[in-house]
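**Student:** This is the structure alone, sequence omitted:
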């Protein structure tokens, strides 16, 4: 029996999958980092604008100090960042395939 070489389409597909996976993970990490920075500047933003929207957001995210609720909120925000990253990668894929 002869061993057949894998077709270029299969290896190209694997390469694309690896690139998309790495891009999704990198974008997810970047979005989480940006979210953390945004949450960090909310008190300053409240001070500058005179509004209390940032304090309200932080109070909601604190979930009254209940650890389980805080963990659920954090997991939900991470999932949201992941979903946004998936959408961005798909849009980017469509843009690059048209070029």
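**Tutor:** Done, it's in. Computed from a prediction, not measured in an experiment: that's the story for all the values here.

**Student:** Based on its surroundings, how many neighbours for residue 42?
**Tutor:** When neighbours are counted by other CB atoms under 10 Å, residue 42 registers 16. Just so you know, the C-beta spots here come from the backbone N, C-alpha and C atoms, and that holds for glycine as well.

**Student:** what about it, which helix or strand?
**Tutor:** helix 8-49 (DSSP states H and E).

**Student:** Can you list the helices and strands that that helix packs against?
**Tutor:** helix 53-62, helix 67-98 (3 or more CB pairs under 8 Å, 6 or more residues apart in numbering; DSSP states H and E).

**Student:** and these as TSV, adding mean neighbour count?
**Tutor:** Shown next, in TSV, are the helices and strands packed on helix 8-49 (neighbours: other CB atoms under 10 Å):
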stretch	mean neighbour count
helix 53-62	13
helix 67-98	13
